[in-house]
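Engineer: sequence first, then the predicted structure:
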Amino acid sequence: MADLLKIENLELKFNTRHGIVKVLDNISFTLKPGEIFGVAGESGSGKSMTAMALMRLIDKKLIHSIQGKIFFRDTNLLELPEKEFRKLRGNKIAMIFQEPMTSLNPVFSIGFQITETLLLHQNLKPKEADEKAIDLLARVGLPDPKKRLKNYPHELSGGQRQRVMIAMAISCRPDVLIADEPTTALDTTVQAQIFDLLLDIQQELNTAIILITHDMGVLAQMADEIAVMYAGRIVEQGLRDQILDTPEHPYTQSLIACIPKVDVRAEAAGKPPADLSEIAGVVPPLAELSTLKGCSFAGRCPKVFDTCSTLKPPHFRLNKTQTAACHLLEK
C-alpha cells in the first residue's frame, strides 16, 4: 500500500532569547491510508510541535530554519506556496486541537465555525452548509444538533466542545486527521466516547489518524504503529505490539512502567495497590538541549553509562519494523 504521508528528516530550529535552539531533530515516519499512528511522550517532547510543523501553523517569526521533507502523496508540503497549502489544510489534512475552549472562537456561534470550513472547501450554499453541519453534529453524538448551531462555545461542556472540534475536523472527509491530545481535561467516560468516535471515523471514512498522547494505555488500544518522542527526537518506533511487549529504549520502558496496573488477586485479598511508577526529573529545556553532546535522556536514564553523556546515539534497526536510538543496542 502506497504511503499517504511521509515525513523525512524533519528538523526545526527556533530563534529564542537564548539563541538558536533545535526544536525537532531528524523526525521521520510514514502513514498509510486508514492507519492509526500513535505519537507518545511527555509534555515538551515535541509531539504537538511536529503536528504544528506538518500543518504549517507555526509563527514564521519564531522559525530560524526548517529542513527536511513532508510528502502528502507526491507533494512536498514544505515547498507548497501558502495559497495552495490552504486548499489542503482543513480539507485533506485536518487537526483536532488539544484544548477546544481555546481553539474555538468564543465570539462566533458553533454553526458559523463549522459552516465556514464547508463554505470554503466544499463550495456549498449557506443552507446546504447548515444542513451538513447539523448532520455532522448528529454524527459525533451531540444531542439536538439543530439547536447547537446557535450555541456559543461557553454554552457547551468540555466533551461537547470536543465533539464540535471533531465535527469541524471531519467535515471535509480528510485523508489525514491529526488528533492532538483529544481528551485533555475530559472525564474517563467522555474520553472513552471520544476514542470510540475516532475509531468509527477511521473505519467509516478510511481516514489515517495521527494520535498524539502521553498515555501509552490509549495507544495500546488504538494504534497500529507507535513513535516514542523525547526532547524533539523519535527515540523508538515500531508496531504497537513491538513497542508495548519488547520496548528497547529505557525511556519507552519507563513510560510503559508508568501505566497503572490492577492486580485483581491482591485487591480481592485486601492488599493496598502498588505504588505508581514515575520517571525522575523532567525533559531538559530547549536551550540546554542545544548544547548537549550526548543522549538527551542520559540525565534521567537508569541505565546510563559514560558514552551516553558524550555521544548522541544513532538509530539502530532492531528488525524490519522497529528502531531505537540507544547506545545499549550497539553490537
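Structural biologist: On my side now, so go ahead.

Engineer: what residues of stretch 60-75 count as buried?
Structural biologist: I66, G68, I70, F71, F72 (16 or more other Cβ atoms under 10 Å). All C-beta spots, glycine's among them, are computed from the backbone N, C-alpha and C.

Engineer: so what's the fourth one closest to, chain neighbours aside?
Structural biologist: Excluding the flanking residues, the one nearest F71 by Cβ to Cβ, 6 or more residues apart in numbering is K6, at 4.3 Å.

Engineer: now the one you found: how far from D74?
Structural biologist: Noted for K6: a distance of 10 Å to D74, by Cβ to Cβ, to the nearest Å.

Engineer: what does I110 give?
Structural biologist: Relative to D74, I110 is positioned 36 Å away (Cβ to Cβ).

Engineer: for stretch 248-259, C-alpha coordinates in PDB please.
Structural biologist: The C-alpha coordinates for stretch 248-259 follow below in PDB (Å, rounded to 0.1, in the frame of the first residue of the first chain):
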ATOM      1  CA  GLU A 248      14.200  -1.500  23.800                       C
ATOM      2  CA  HIS A 249      14.800   2.200  24.800                       C
ATOM      3  CA  PRO A 250      14.900   2.900  28.500                       C
ATOM      4  CA  TYR A 251      12.600   5.900  28.000                       C
ATOM      5  CA  THR A 252      10.000   3.700  26.300                       C
ATOM      6  CA  GLN A 253      10.400   1.100  29.100                       C
ATOM      7  CA  SER A 254       9.900   3.900  31.700                       C
ATOM      8  CA  LEU A 255       6.700   5.200  30.000                       C
ATOM      9  CA  ILE A 256       5.200   1.700  29.900                       C
ATOM     10  CA  ALA A 257       6.100   1.100  33.600                       C
ATOM     11  CA  CYS A 258       4.000   4.200  34.400                       C
ATOM     12  CA  ILE A 259       0.800   2.600  33.100                       C
END
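
Engineer: buried residues in it?
Structural biologist: For stretch 248-259, the neighbour count (16+ other Cβ under 10 Å) marks E248, H249, P250, Y251, T252, Q253, S254, L255, I256 as buried.

Engineer: this structure: helices as residue ranges?
Structural biologist: Secondary structure of the chain, counting by DSSP state H: helices at 47-55, 82-85, 100-103, 110-121, 126-139, 145-148, 158-170, 188-205, 216-222, 240-245, 250-257, 264-268, 286-289.

Engineer: mind listing what's buried in the last one?
Structural biologist: Read it as helix 286-289. Residues of helix 286-289 classed as buried: L286, L289 (neighbour count, 16+ other Cβ under 10 Å).

Engineer: cool, the fifth one as well?
Structural biologist: Within helix 126-139, the residues scored as buried using 16+ other Cβ under 10 Å are A129, D130, K132, A133, I134, L136, L137, R139.

Engineer: identify the residue nearest the fourth one in space, chain neighbours excluded?
Structural biologist: Read that as A133. I114 (4.3 Å).

Engineer: before we move on, what about S103?
Structural biologist: F97 (3.9 Å).

Engineer: ok, now which ones touch that neighbour?
Structural biologist: S103, M165, D180 (Cβ atoms under 8 Å, 6 or more residues apart in numbering).
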